[in-house]
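Chemist: The following block contains a protein sequence and its predicted model.
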Amino acid sequence: EGDEVAAGEAIGAVEATGAHCGASVCVHWGLLRGGTYLNPLALLPPWLLGRGPSRLLPVLTG
């Protein structure tokens, strides 16, 4: 948390299995600026959008 990353730098890996993704692979990510959650899709280039379902899920704490 709080680390700066460069464009193109790997920040994680997707496992081939998951509890709710079934046979497909999914990634969960978000965009928090200050104390405000923003739409993380705003970070993606237009050619990546519209390639499948996207959902914003709540952050569970505790």
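Modeler: Alright, I've got the coordinates.
Chemist: Gly8: neighbour count?
Modeler: 5 (other Cβ atoms under 10 Å). For every residue, glycine as well, the C-beta is placed using N, CA and C.
Chemist: Let me fix that, I meant to ask about Gly2.
Modeler: 3.
Chemist: Name the SS class of it, please.
Modeler: At Gly2 the chain is in coil, as set by DSSP: H, G, I helix; E, B strand; the rest coil.
Chemist: what does Leu41 give?
Modeler: Going by three-state DSSP: Leu41 is helix.
Chemist: Hmm, it is touching Gly50, no?
Modeler: No. Applying Cβ atoms under 8 Å as the test, Leu41 and Gly50 come out as separate, 10.1 Å apart.
Chemist: more neighbours, those two?
Modeler: Shown here are Leu41 and Gly50; by other Cβ under 10 Å, Leu41 has more neighbours (12 against 7).
Chemist: Please report how far that one lies from Gly30.
Modeler: Leu41 sits 11 Å away from Gly30, going by Cβ to Cβ, to the nearest Å.
Chemist: before we move on, which element is the closest residue to Ile11 other than its chain neighbours in?
Modeler: In space, not counting the residues next to it along the chain, Ile11 is nearest to Val5; the distance is 5.6 Å by Cβ to Cβ, 6 or more residues apart in numbering. Of the helices and strands defined by DSSP states H and E, none includes Val5.
Chemist: The one 5 residues further on too?
Modeler: In this structure, Ala10 is located outside every helix and strand according to DSSP H and E.
Chemist: Could you list the low-confidence segments of this structure?
Modeler: Along the chain, segments meeting pLDDT under 70 span 15-25, 53-62.
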